[in-house]
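Asks: When you get a sec, could you give me coordinates for this:
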Amino acid sequence: SERLVKDDVYTSVHLEEYESETRDTKLGPEEITREIPNVGEDALKDLDEMGIIRIGAEVKEGDILVGKVTPKGEKDLSAEERL
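Replies: Predicted coordinates:
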């Protein structure tokens with residue numbers, strides 16, 4: 001009934017814990033950051049200034065939880081990135 005929905009009788013909260021590590025690569029260390037190349041601001045809206053999802057954010061499949069970038073070698077750069 002509508003009362004059950006209104007009173008949040010069937011509402012549940014699902015929590016999962018994840019870890020992300022940065023590694024040193026041959027091209028330099030990985031970095032946790034909010035500045036992720038070629039990712040729109042809408043995809044980053046729930047990341048804090050350090051690049052980690054903010055507490056209380058409602059997330060769904062495909063959302064970015066941690067912004068992590070890995071250095072690319074010069075040979076891996078696109079023509080646009082080399083400019």
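Asks: And the helices in the chain?
Replies: 2-6, 41-44, 79-82 (DSSP state H).
Asks: quick one: contacts for the most centrally placed residue in the chain?
Replies: Centroid-nearest residue in the chain, with CA atoms, centre = their mean: residue 64, separated by 2.4 Å. The contact partners of residue 64, by CB atoms under 8 Å, 6 or more residues apart in numbering, come to 36, 39, 43-44, 47, 53. Using the backbone N, CA and C atoms, a C-beta is placed for each residue, glycine as well.
Asks: swap the cut-off to 10 Å and go again
Replies: 34, 36, 39, 43-47, 51-53 (CB atoms under 10 Å, 6 or more residues apart in numbering).
Asks: Return the most buried member of the helices of the chain.
Replies: Ranked by mean neighbour count, the helices of the chain are led by helix 41-44 with a mean of 10 (mean count of other CB atoms under 10 Å).
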